[in-house]
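J.: Sequence below, structure please.
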Amino acid sequence: MAAELSVKEAEYINKALSNITPQKIRNWFQETLELLGENVSVLKDPSRIFNMDETAFFLNPKGNCVIAEKGKHCYGVSSNNDKENVTTLITVNALDFAPSLTIFKFDRLPASYTKVAPPGWGLGKSKNSWMTSETFFEYFTNVFYPYLLGKQYKLPVIIFLDGHSSHLSPQFFALNIKLLLYAFIPTPHIYSTHSMWLYSIL
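T.: Now for the predicted structure:
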């Protein structure tokens with residue numbers, strides 16, 4: 001008997017994610033334990049385990065299906081370019097959210113934006129609204145680390161983030177050593193909890 005078919009929208013899976021195996025996941029956890037060494041006890045405190053991941057929110061997303069008169073065109077007019085977006089870096093630990101960062105396409109950030117932003121939320125700017133090593137470093141030093149001190153988190157803490165070049169700089173790793181923070185670059189999307197639950201909802 002032939003299977004019933006239906007039209008579905010294919011979901012994108014990148015090559016790194018498609019190549020993940022159970023053994024690779026087990027190896028990654030073992031390597032993390034070995035790298036932590038004497039500080040492995042950090043993993044027993046969920047408040048000290050952080051994950052950072054970013055995504056682009058398009059200001060003019062594709063339209064949804066609507067009910068309209070048959071034979072008539074249906075348009076939605078937007079003043080935004082269909083590729084224009086803002087980038088948001090979401091930061092969470094195993095207990096709750098930490099202040100995050102949103103990057104806008106501006107040469108100078110309007111004062112009105114800072115007035116309506118959530119308390120402690122980081123705001124940045126770049127020429128194309130994408131993350132850069134400079135904006136990530138500024139977020140880390142001006143928002144995230146002060147948040148840790150204000151909440152009196154016990155150091156060191158662990159930060160899992162992807163290997164995007166926008167996150168990496170000599171200054172960033174030097175700061176991590178100075179402040180007793182551990183930044184881990186996991187195998188792509190093995191530990192990307194954001195992609196699995198938060199961004200899939202959005």
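J.: list the buried ones in the longest helix along the chain?
T.: Here the longest helix in the chain is taken by residue count, with DSSP state H as the criterion, and it is helix 22-36. Of all the residues in helix 22-36, those buried under the rule 16 or more other Cβ atoms under 10 Å are 28, 32, 36. Just so you know, the C-beta spots here come from the backbone N, C-alpha and C atoms, and that holds for glycine as well.
J.: following it, which helix or strand comes up?
T.: Note on helix 22-36: by DSSP states H and E, the next helix or strand toward the C-terminus is strand 49-58.
J.: that older thread, tell me which of the buried residues of helix 22-36 is nearest to residue 51?
T.: Minimum separation from residue 51 among these (Cβ to Cβ) is found for residue 32, which lies at 12.9 Å.
J.: For the chain, name the helix or strand with the lowest mean pLDDT.
T.: None of the helices or strands of the chain scores lower by mean pLDDT, DSSP states H and E than helix 199-201, at a mean of 43.
J.: burial measure for residue 142, as a count.
T.: A count of neighbours around residue 142, defined by other Cβ atoms under 10 Å, yields 13.
J.: what pairs with the nearest residue to it once chain neighbours are set aside across the strands?
T.: Here the nearest residue to residue 142 in space, its sequence neighbours aside, is residue 122; by Cβ to Cβ, 6 or more residues apart in numbering that works out to 7.1 Å. Listed by DSSP bridges, the beta-bridge partners for residue 122 are residue 101.
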